[in-house]
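[1] Below is the sequence, then the predicted model.
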Amino acid sequence: MVGENYAARSGEISLEEVLSNAVFFSLFTRWLASSGMANKTVLHFLTDIKEFLATPANDSLRRAARDVHAKYFATAERAAALGVSESAAADIRSLLASDTLPPRDLFGTAITEVLSKLQAHAYRSFMQSAAFQPLLDLKAKEKYVPCVTDFKLLQILGEGYEGKVLQARKKDCGVMYALKVLDKQILASRSRRWQLHASRELECLKACDHPYVVPIHYSFQTPQFLYMVQEHVPNHTLARYLEKHEGKPMREEEVRFMTGQLVCALAHMHKQTIVYRDLKPANVLIDTEGHLRMVDMGMASKLDPETGRRKSVCGTQRRAYMAPEMKAKQPYEQSVDWFSLGKLILDCHGRDPYAKECAYWETSGAATARPPPSCAAGASSHLEAWTGLLELIDALLVKEPTKRRGYGPDGARHNTPSRPALSASRE
């Protein structure tokens, strides 16, 4: 068949990829409905599971889990109609009986059983049908570099001194992206080395293929603009999240979860000899599943291959997050990112006397002369519960880089909070 022959030449598209791509999923379910290769219960289940996986990790997730359970697993007959074993259904019922939020993989075993049957019969037939051809055509187009006319520009997501970020939909597949547009004239007016800076940002983006870093999909240019097409993360930033807290401290579990994911992202960058240099709440996105995604590599740079250090100062980085050695315009290496992480964790304290003291320490210029006040020593009542986090903050906000927690090639492993913070990691 056409689809089978084409797949043999171009490489197969997995069932998992079809289910994770909205356009592919729509084409597949339409074929399933018309061919009768799967019953309507399976089609509805796949749709409901996609909605469940996109539900935020709060009470809405618990309600969504119970709705899916009531619809498909409340009785042995319903589970059997879906093709799910009684043992898998029993495990779901047991996990839902707990008072805690249901895990994201609550229906994992059931999904695996349903997909294995689809893979063995329906999906194989789908790949051999003419209906599979549009998926192959769309997949092939991913290899081609688009131009700005291939996107429908929807709204401005953010603006900066060099350009803006737009929400854009790719016309041929309907996928949503974040389109970063940089004005070459403005770049040139700010630096004669703007081309080097732009290529450096692209190099860092391409090197950072990590679940907690927003990836780049395409890049192209016109005589006037540079374009970088990245994944669109449709939620909000950590800065906005902190603003909504109105100075109230974040829960310890939230901070540990956040810290673990940022440590993973920074460790990956550091393995690629990249120093990020711009960690702040505004550059940390929170996706619909509650995971953190680091964005904006405009200030990132590779370390000098000979010295393993950098000396240039990022003029646009907020000084509150800048390490003392950068403020003093001294050579530095990747431990500047760990200092910024310590300051970011500190921001999660909310309105606290220590935060005011630290603010004075930062703005007075004392950061280059002496270390910050001890967080653990002057902790207030709500901070005392942050077991291990206070010590981590103190260890990160050390003035001397070589004594700072995280210094050295294997330093990242020391920056995970003492209690498990990576239980929900996607790695």
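    The structure has been received and is ready for your questions.
[2] so what's residue 308 closest to, chain neighbours aside?
    Residue nearest to residue 308 in three dimensions, not counting chain neighbours: residue 333, with 6.0 Å by Cβ to Cβ, 6 or more residues apart in numbering. Every residue, glycine included, has its C-beta placed from N, CA and C.
[3] List the contacts of the one you found.
    Counting by Cβ atoms under 8 Å, 6 or more residues apart in numbering, residue 333 touches 275, 303, 308, 309, 310, 401.
[4] so the fifth one makes contact with residue 300?
    I take that to be residue 310. No: using Cβ atoms under 8 Å, residue 310 is not in contact with residue 300; the gap is 10.5 Å.
[5] for the contacts of residue 333, which one is nearest residue 230?
    Nearest to residue 230 among the contacts of residue 333, counting by Cβ to Cβ, is residue 275 at 20.2 Å.
[6] who's in contact with the nearest residue to that closest one once chain neighbours are set aside?
    Closest residue to residue 275 apart from its sequence neighbours, by Cβ to Cβ, 6+ apart: residue 334 at 4.8 Å. By Cβ under 8 Å, 6+ apart, the residues touching residue 334 are 269, 270, 274, 275, 303, 406, 411.
[7] re earlier: quick one, which of residue 310 and residue 300 is more surrounded?
    residue 300 (23 against 19; other Cβ atoms under 10 Å).
[8] Tell me which helix or strand in this structure has the weakest average pLDDT.
    helix 2-10 (a mean of 40; mean pLDDT, DSSP states H and E).
[9] Run through this structure and note the low-pLDDT ranges.
    1-11, 56-57, 306-307, 311-318, 350-388, 409-427 (pLDDT under 70).
[10] For it, just list every one of the strands.
    For the chain, the strands defined by DSSP state E occupy 151-159, 163-170, 176-183, 216-221, 225-231, 236-237, 274-275, 284-286, 292-294, 301-302.
[11] Distance to residue 328 and neighbour count added to the contacts of residue 334, as a markdown table?
    Formatted as a markdown table, the contacts of residue 334 follow (distance: Cβ to Cβ, whole Å; neighbours: other Cβ atoms under 10 Å):
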| residue | distance to residue 328 | neighbour count |
| --- | --- | --- |
| 269 | 23 | 22 |
| 270 | 22 | 23 |
| 274 | 22 | 23 |
| 275 | 16 | 23 |
| 303 | 19 | 17 |
| 406 | 19 | 26 |
| 411 | 21 | 18 |
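[12] is it possible to export the residues you listed to JSON lines including distance to residue 200?
    Output for the contacts of residue 334, formatted as JSON lines (distance: Cβ to Cβ, whole Å):
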{"residue": "269", "distance to residue 200": "13"}
{"residue": "270", "distance to residue 200": "16"}
{"residue": "274", "distance to residue 200": "10"}
{"residue": "275", "distance to residue 200": "11"}
{"residue": "303", "distance to residue 200": "12"}
{"residue": "406", "distance to residue 200": "23"}
{"residue": "411", "distance to residue 200": "23"}
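[13] with the residues you listed in mind, which one is nearest to residue 293?
    Of these, the one sitting nearest to residue 293 (Cβ to Cβ) turns out to be residue 269, at 13.3 Å.
[14] That closest one contacts residue 300, correct?
    Yes: using Cβ under 8 Å, residue 269 is in contact with residue 300, at 7.3 Å.
[15] Just put the strands of the chain in CSV and tack on distance to residue 106.
    CSV is the format used below for the strands of the chain (distance: least, Cβ to Cβ, whole Å):
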stretch, distance to residue 106
strand 151-159, 32
strand 163-170, 31
strand 176-183, 27
strand 216-221, 31
strand 225-231, 26
strand 236-237, 26
strand 274-275, 36
strand 284-286, 22
strand 292-294, 22
strand 301-302, 42
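[16] Distance check, the residue nearest the centre of the chain against residue 215.
    Note on the chain: the residue nearest the mean C-alpha position is residue 293, at 2.6 Å, using Cα atoms, centre = their mean. The gap separating residue 293 from residue 215 is 9 Å, by Cβ to Cβ, to the nearest Å.
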